[in-house]
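Participant: Sequence and predicted structure below; questions after.
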Amino acid sequence: MSRVTVRFEPYEIEMQVEPGTFLLDAALEAGVHINASCGGKGVCGKCRVIVESGAVEGGLSEKISEEDAAKGIRQACTSKVTEDIVVRIPTESALDKAALKALATGSSQQAQAIGSKELKAEGRFDPALTKLAVSAEPPTLDDARNDVARLLASLKKAGERHFVFDFEAIRDLPEAWRQGNWNLTTTIMRPVDTKTSRNHVIRVEPGDTTARNLAVAIDLGTTTVWAEMIDLTTGQVLGSEGNFNAQISYGEDVISRIVYAGKPGGLKRLQETATGSINDVLKALASKTKVDLSEVNLATLAGNTTMTQLFLGVEPKYIRLDPYVPAAAYYPPVRASRFGLALPDHASLLVFPSVASYVGGDVISGVMGVGMHKDPRLSLFIDLGTNGEVVVGNQDWMVCAAASAGPAFEGGGIKFGMRASKGAVENVMINPATGEPALVTVGKALPKGICGSGLIALVASLLLTGIIDERGRYDLDHVSDRVRVGEDGPEYVLAWSKDNQLDRDITLTEMDIDNLMRAKGAMYSAYMTLLEGVGLSIGDLDRVILAGGFGQSINIERAILIGLLPELPVDRFTFVGNGSMLGARLVALSNPLRAEVGDIVDKMTNFELSVAPSYMDNYTGSLFFPHTEAKRLFPETLERMRKVKEAVSQTS
């Protein structure tokens, strides 16, 4: 049978596919993003598209009302293409990166992180890769030493010892010596252990090029990819750039991607997708900083365990199978081009190690960046996300764990959930007497969904005003007409259809609230289990460090109100921002810090929460707002709720 054509609007992209191809697969092949939070399982109902011309087979479910079906709305993941069609990607299904920069900005209450100034002041500014210019006398009949011997003598004269050479450096050496009139620059990769390992000459260039020594630091996240261009000579960050990780089209969370990797050709596709996403960011970064990527000599990369193995093309399936074993803790330095990165052949790639299956290099990177492993204070480090990681400890010891919080913090699993892009509701305040909301969206656009910070703010406001109770159930007798019973049960109308970008009301259902409750319960019970496991309590904490773009955007008091964060004075909370990027940058700038990465890994003890005796008790207790033991754990929060309810009752 001949192939059929799918045209995607408003992008004006056409794709020819075999009849019977799922519409979501066709979109992925065409490079058109459609939200698919469940990885194409057909259960989330978020991959809604409008079939404007032609027809598809399937695509209907309980997520599509009869009214919507009559408009041509279908689920892309279950729609099979059987003839030529025109499909429109509606606003709520498209990927919007316009406000992606907001993920990299946050509260001014920043944790004290290590930077190039501190490194220089402490005498630890010692880049992992350095350039050294040397010169030599040209050979004669009386001095006919080979070119490598002449270079070794010059390096020794400059005070350098113990070298090994890349073959390519030896290959290029004869011409470099002579083109530079016996002056050349060596690019040297420093070993972590300078006592037992040798310096590695990876490149030679004619003349003196030491003024230009560049590196890129890469944060490979589950949802986003970020990169920084770094001047290794000065320590200056020349610029940063980010984009979404295109792997999200194959599943929002790491488990979905591990499952996809097990399909024929799945691992290869995910590896190529990760590489493509990084290359897109690197090219945009090079354009912004006016740097040619051929000038980059070093790349550092931090990501969670799954993202790291998928990028390296290492089989990830054992990460999710009992007893949850990753392929390796450490990976040796390798050439970046080996994995398809758009960097020169000589450029080295340093990959952050992992502690366990779900505690990876991004956490190690953040812990190192804030100096937690050198601080005597008892700290709680939280990286909020789909796979939330938690570390408790100080300079003497650390314990860690990962909690599968699910995608609720990033908008997944929520009927009108979305990432923090333009039009996402990010802050909400509800009038306790009338139930009317005042809301703010990313980019100040008309609402089209709710992002993670907005979800927390909304639920906290509903709780505080008594519109929902501690179980997350709506008061259907509330005076506001925004509280109603919809097709998915009791719900609250956050934005009427006339006031948003969609063709229907934006609501929050009890099922949405349940999803958030489970996500916050997973996080809270994770650090409670860790603290109890080492004989400590919340009150013993000196500080709480929140990492990640989402961690920066939440309101501390509201997160405490719903029981996501522990009830502590607000001044004990700090933000580190993108901890993964912070560590990736520092490893490039400081070989001593690079050596400390191994110390952090060795110092950490991983708790497997699935087998921890107290975890399920803590989790069950957390399935309440703020907690079933609120009198003991959240006394100030309870008092605040009591005062608001008392004030409302006096004015009604």
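Facilitator: Received, thanks. What you see is a predicted model, and the numbers here were worked out from it, not measured in a lab.

Participant: Run through the bridge partners of Ala402.
Facilitator: Beta-bridge partners for Ala402, by DSSP bridges, are Glu389.

Participant: how about it, what does it touch?
Facilitator: By CB atoms under 8 Å, 6 or more residues apart in numbering, the contact list for Ala402 reads 356-359, 387-390, 526, 609. The way it works is simple: take the backbone N, C-alpha and C, and place the C-beta from them, glycine included.

Participant: List just the nearest of those to Ile450.
Facilitator: Using CB to CB, Gly388 comes nearest to Ile450 of the contacts of Ala402, at 19.2 Å.

Participant: count of residues packed around that closest one?
Facilitator: By the criterion of other CB atoms under 10 Å, Gly388 has 25 neighbours.

Participant: Per-residue confidence, Asn35, what does it come out as?
Facilitator: At Asn35, the model reports a pLDDT of 66.

Participant: my bad, should have said Ala647
Facilitator: What the model reports as pLDDT for Ala647 is 68.

Participant: where in the stretch 551-652 of the chain is pLDDT low?
Facilitator: Scanning the stretch 551-652 of the chain for pLDDT under 70 picks out 551-553, 647-652.

Participant: And the strands in it?
Facilitator: Counting by DSSP state E, counting those that start in this stretch, the stretch 551-652 of the chain has strands at residues 573-577, 604-606.

Participant: closest to Val367 out of those?
Facilitator: Among the strands of the stretch 551-652 of the chain, the nearest to Val367 by CB to CB is strand 604-606 (8.2 Å).

Participant: Thr5 looks like it's in a strand, true?
Facilitator: Yes - Thr5: assigned to a strand according to DSSP: H, G, I helix; E, B strand; the rest coil.

Participant: Hmm, Glu14 and it touching each other?
Facilitator: Yes - using CB atoms under 8 Å, Thr5 makes contact with Glu14 at a distance of 5.7 Å.

Participant: Between those two, tell me which one has more neighbours.
Facilitator: Applying other CB under 10 Å to Thr5 and Glu14 shows that Thr5 carries more neighbours, namely 15 against 12.

Participant: Can you spell out the domain ranges of this structure, please?
Facilitator: Using automatic domain parsing, the domain parsing of the chain gives 4-93, 128-206, 214-351, 366-406+517-637, 408-512.

Participant: so which of those domains gets nearest Lys120?
Facilitator: Comparing those by CB to CB, domain 214-351 comes nearest, at 6.9 Å.

Participant: what is the rounded mean pLDDT of that closest one?
Facilitator: Average pLDDT, domain 214-351: 94.

Participant: so how far is that domain off the chain centroid?
Facilitator: For domain 214-351, the separation from the chain centroid amounts to 12 Å (computed by CA atoms, centre = their mean, to the nearest Å).

Participant: Ends of it, what's the gap?
Facilitator: Between the opening and closing residues of domain 214-351 we find a distance of 17 Å, counting by CA to CA, to the nearest Å.

Participant: Report the contact partners of the residue most central in space within the chain.
Facilitator: For the chain, the residue nearest the mean C-alpha position is Gly221 (3.2 Å; CA atoms, centre = their mean). Contact analysis of Gly221 by CB under 8 Å, 6+ apart lists 245, 303-304, 307, 362, 385, 580.

Participant: Save the residues you listed as a markdown table, and put in distance to Pro376, neighbour count and secondary structure too.
Facilitator: Formatted as a markdown table, the contacts of Gly221 follow (distance: CB to CB, whole Å; neighbours: other CB atoms under 10 Å; DSSP: H, G, I helix; E, B strand; the rest coil):
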| residue | distance to Pro376 | neighbour count | secondary structure |
| --- | --- | --- | --- |
| Asn245 | 37 | 23 | coil |
| Gly303 | 30 | 28 | strand |
| Asn304 | 28 | 29 | coil |
| Met307 | 32 | 28 | helix |
| Asp362 | 25 | 32 | helix |
| Gly385 | 28 | 24 | coil |
| Ser580 | 25 | 32 | helix |
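
Participant: quick revisit: would you tell me which of the domains of the chain gets closest to Val644?
Facilitator: So among the domains of the chain, domain 408-512 is nearest, using CB to CB, at 5.4 Å.

Participant: What's the mean pLDDT across that closest one?
Facilitator: The average pLDDT for domain 408-512 rounds to 89.

Participant: how far does that domain stretch from start to finish?
Facilitator: Span of domain 408-512 from end to end, CA to CA: 8 Å.

Participant: next one: stretch 81-89
Facilitator: Terminal residues of stretch 81-89 are spaced 15 Å apart (CA to CA).

Participant: just stretch 568-581 next, same as before
Facilitator: Stretch 568-581 stretches 28 Å from its first residue to its last (CA to CA).

Participant: oh, and call the first residue 56 from now on, that's how I've got it
Facilitator: From this message on, residue numbering opens at 56, which makes the last subject stretch 623-636.

Participant: where does it sit relative to the chain's centre, distance-wise?
Facilitator: For stretch 623-636, the separation from the chain centroid amounts to 16 Å (computed by CA atoms, centre = their mean).

Participant: What residues of that stretch count as buried?
Facilitator: Of all the residues in stretch 623-636, those buried under the rule 16 or more other CB atoms under 10 Å are 623, 628-636.

Participant: Ok, stretch 644-654 next?
Facilitator: Residues of stretch 644-654 classed as buried: 644-646, 648-649, 651-652 (neighbour count, 16+ other CB under 10 Å).

Participant: so which of those comes closest to Ala515?
Facilitator: The nearest member of the buried residues of stretch 644-654 to Ala515, counting by CB to CB, is Val652 at 37.4 Å.

Participant: so who does the closest one touch?
Facilitator: Counting by CB under 8 Å, 6+ apart, Val652 touches 407-408, 419, 423, 638, 642.

Participant: repeat that with 7 Å
Facilitator: Applying CB atoms under 7 Å, 6 or more residues apart in numbering, we find Val652 in contact with 407-408, 419, 423, 642.

Participant: Redo those residues as CSV? Include secondary structure.
Facilitator: Shown next, in CSV, are the contacts of Val652 (three-state DSSP):
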residue, secondary structure
Phe407, coil
Pro408, coil
Ile419, helix
Met423, helix
Val642, helix
